[in-house]
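> Pasting the sequence and the predicted model now:
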Amino acid sequence: MIRLYDSARGSVVPLDPRDEGAVSIYLCGPTVYDLPHLGHGRHALVWDTLRRWLTFGGLAVRFVSNVTDIDDKIIARADAEHVGEDEITATYEAAWWDALDALGVARPDATPHATAYVDQMIALIERLLALDVAYECEDGIYFDVSRVADYGLLAGQPLESLRAGARVESNPDKRSPLDFALWKNAKFAEPSWSSPFGSGRPGWHTECVVMSLGLLGDDFDLHCGGLDLKFPHHENERAQAVALGRPFARHWAHHGWVMVGGEKMSKSLHNFTSLTDLLAQTDARAYRLLVLRSHYRSPIEVSPATVADAERALARLDALARRFALPALAGEGLEVASGVVWGDEGLALYETVEAAMEDDLDTPSAVAALFEAATRANALADEGATARATELAAALNACCGALGLRLIGDESALDAETLRLVTRRDQARAQREWAVADRYRDDLVARGWVVEDGPGGTVVRRA
Ligand SMILES: [Zn+2]
């Protein structure tokens with residue numbers, strides 16, 4: 001079984017699923033009030049990679065990721081634009097799925113929306129009030145973190161030191177600055193729901209605990225998200241489950257930051273670049289490769305240089321796919337290893353990739369093995385060892401598919417006009433008609449392709 005760094009234990013441990021042969025995963029999803037940024041792209045790709053890999057190994061993965069469609073930021077944007085909250089959430093949820101589809105991220109098995117679970121959240125808050133773990137303030141209901149003995153487990157700090165480091169509290173009703181809102185009483189003209197404790201809306205931390213337990217059940221396997229969610233969001237989700245006596249996530253995993261220009265990607269740093277912008281200018285597969293080339297817990301630097309480098313690397317794999325006429329895998333569907341016929345060359349590659357992936361999702365080592373295999377497959381083919389080369393190339397393609405990296409070698413993947421221009425250019429070059437070949441290259445460039453000369457002829461990729 002795969003070993004992952006568990007943020008609650010502070011060490012790499014084997015994933016120990018509740019049900020044999022199955023893995024249940026909850027990933028905190030987006031708050032849909034703006035275009036997704038680069039960090040969201042990494043967030044989606046890292047956990048898509050884990051999901052694909054576990055599925056490839058034959059596990060039945062149930063993957064749930066929510067959509068937060070009620071939040072202060074949504075209300076603020078709706079106010080600023082003089083439109084309804086529904087319009088904001090519909091617009092930005094559509095942008096979210098567009099970006100994730102472009103990245104080849106498989107859709108979750110369930111995408112619960114917070115606004116569809118308000119009744120269950122109210123019921124949970126009522127139970128916490130009945131247990132005296134929650135209390136009422138002027139502006140809503142709060143959770144008393146001192147009632148959870150191991151509060152601070154995910155933060156890696158005991159309650160006392162968290163309390164010492166907490167911001168000065170502006171709400172004088174709260175017992176501790178660490179206490180968090182379960183329910184926010186309605187302010188004027190805000191979306192609200194009626195409840196036994198007055199009209200209002202639930203807090204974010206309550207949303208995820210209700211939806212994860214509701215859809216995956218007590219004691220589900222893995223709760224994941226970005227490092228920025230570890231504390232307080234995940235700590236507070238967990239605190240509510242603990243207070244209710246319900247076994248929560250068996251494992252916790254968190255991924256690292258996206259850096260832009262050496263700084264942590266954040267809107268407040270004014271270095272916000274939307275994922276939507278990036279995908280309009282780049283082959284989405286290059287961003288996946290860029291993410292795969294870093295360990296998920298390390299920061300990654302996203303810059304024109306690192307993206308261009310990933311594009312060049314991807315072009316090498318695409319050229320291999322063209323040379324060996326490999327089918328494009330890793331589309332909408334998730335690949336399964338049992339469907340692959342491995343020969344000796346291929347099995348050795350698979351075992352190397354597997355060892356890396358099972359060791360805390362070491363994708364950089366897995367990707368390095370794939371590039372070494374590409375070099376070896378080309379060398380074998382050059383030497384005339386066609387059968388072994390073809391077998392290794394097919395295994396490489398299967399492993400890329402397992403990581404969600406779709407190689408485009410089949411010319412039918414190109415549109416008919418692009419394919420015609422590529423073929424004409426190759427014919428012109430074969431006849432040494434350089435000026436004609438250059439005209440076809442210009443036509444391809446005008447259609448938005450970067451044109452390169454691969455071992456098998458013209459290779460095109462998106463600019
Ligand atoms: Zn969450």
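Noted; the coordinates are in hand. What you are looking at is a predicted structure, and each value in this text was computed from that prediction instead of being measured.
> And the next helix or strand past the worst-scoring helix or strand of the chain on mean pLDDT?
The helix or strand of the chain with the lowest confidence, counting by mean pLDDT, DSSP states H and E, is strand 263-264 at a mean of 71. As assigned by DSSP states H and E, the chain's next helix or strand after strand 263-264 is helix 275-281.
> to the chain's geometric centre, what's the distance from the least confident helix or strand of the chain?
Computed by CA atoms, centre = their mean, to the nearest Å, the chain-centroid distance of strand 263-264 equals 19 Å.
> What strands line up against that strand, and which way round?
Partners of strand 263-264 in the sheet, by DSSP bridges, are strand 258-260 (antiparallel).
> For the strand it pairs with, give the mean pLDDT please.
Average pLDDT, strand 258-260: 85.
> Equivalent analysis for stretch 389-407, please.
On average, the pLDDT along stretch 389-407 is 95.
> Same question for stretch 152-165.
Across stretch 152-165, the average pLDDT comes to 88.
> go on, stretch 113-125?
The average pLDDT for stretch 113-125 rounds to 97.
> Repeat that for stretch 80-96.
Stretch 80-96 carries an average pLDDT of 96.
> Go ahead and name everything in contact with it.
Identification of contacts with stretch 80-96 by CB atoms under 8 Å, 6 or more residues apart in numbering yields 30, 32-36, 40, 67, 69-70, 74-75, 77-78, 191, 276. Every residue, glycine included, has its C-beta placed from N, CA and C.
> where does the stretch 251-400 of the chain dip in pLDDT?
265-272, 330-332 (pLDDT under 70).
> try it again with 80
Applying pLDDT under 80 to the stretch 251-400 of the chain flags residues 261-273, 280, 330-333.
> list the buried ones in stretch 431-450?
Neighbour-count burial for stretch 431-450 flags 437, 440-441, 443-444, 449-450 (criterion: 16 or more other CB atoms under 10 Å).
> what does this protein put close to the ion?
Within the chain, the positions near the ion by CB under 5 Å from the ion are 28, 208.
> give me every residue that touches the most centrally placed residue in the chain.
With distances taken as CA atoms, centre = their mean, the residue of the chain nearest its centroid is Ala44 (1.4 Å). Counting by CB under 8 Å, 6+ apart, Ala44 makes contact with 100, 103, 105.
> With Pro177 instead?
Pro177 neighbours (CB under 8 Å, 6+ apart): 163, 166-169.
> And the buried residues of stretch 431-450, which is closest to the ion?
If you rank the buried residues of stretch 431-450 by distance to the ion using CB to the ion, Val450 comes first, at 39.1 Å.
> May I have the phi/psi pair for the nearest residue to Val460 once chain neighbours are set aside?
Residue nearest to Val460 in three dimensions, not counting chain neighbours: Trp449, with 4.1 Å by CB to CB, 6 or more residues apart in numbering. When read as degrees, to the nearest 10, the backbone of Trp449 gives phi -100, psi 150.
> gap between Trp449 and Arg441?
The spacing between Trp449 and Arg441, counted by CB to CB, to the nearest Å, is 9 Å.
> domains for the protein, by residue range?
Structural domains annotated on the chain: 3-259, 282-411, 414-462, as defined by automatic domain parsing.
> who touches the residue of the stretch 1-150 of the chain found nearest the ion in this structure?
Closest to the ion within the stretch 1-150 of the chain is Cys28: 3.1 Å, counting by CB to the ion. Shown in contact with Cys28 (CB under 8 Å, 6+ apart): 65-66, 208, 224-226, 229, 233-234.
> Once you drop chain neighbours, what's closest to the closest residue to the ion within the stretch 301-450 of the chain?
Across the stretch 301-450 of the chain, no residue is closer to the ion than Leu361, which sits at 20.6 Å (CB to the ion). Leaving aside its sequence neighbours, Leu361 sits nearest to Tyr296 (CB to CB, 6+ apart; 5.5 Å).
> isn't there a helix covering that neighbour?
No - according to DSSP: H, G, I helix; E, B strand; the rest coil, Tyr296 belongs to no helix; its state is coil.
> May I ask which of the contacts of Pro177 has the most neighbours?
Counting neighbours by other CB atoms under 10 Å, Arg163 comes out on top of the contacts of Pro177 with 16 neighbours.
> Quickly find the element holding that residue.
Arg163 belongs to helix 159-165 when elements are defined using DSSP H and E.
> From the contact counts, what lies against that helix?
Helix 159-165 sits against no helix or strand, with contacts defined as 3 or more CB pairs under 8 Å, 6 or more residues apart in numbering; DSSP states H and E.
> Give me the buried positions along it.
159, 162-163.
> next one: that helix to chain centre, how far?
32 Å.
> that older thread, quick check: closest non-adjacent residue to the residue of the stretch 1-150 of the chain closest to the ion.
Per CB to CB, 6+ apart, closest to Cys28 is Gly225, 4.2 Å.
> Correct me if wrong, but that neighbour is in a strand.
Yes - remark: Gly225 belongs to a strand, assigned using three-state DSSP.
> Run a quick neighbour tally on it.
If you count neighbours by other CB under 10 Å, Gly225 ends up with 24.
> do the same with Val460
26.
> before we move on, what about Ala239?
Count around Ala239 with other CB under 10 Å applied: 28.
> ok, back up a step: would you confirm that the residue nearest to Leu361 contacts Thr363?
Yes - counting by CB atoms under 8 Å, Tyr296 touches Thr363, with 7.0 Å between them.
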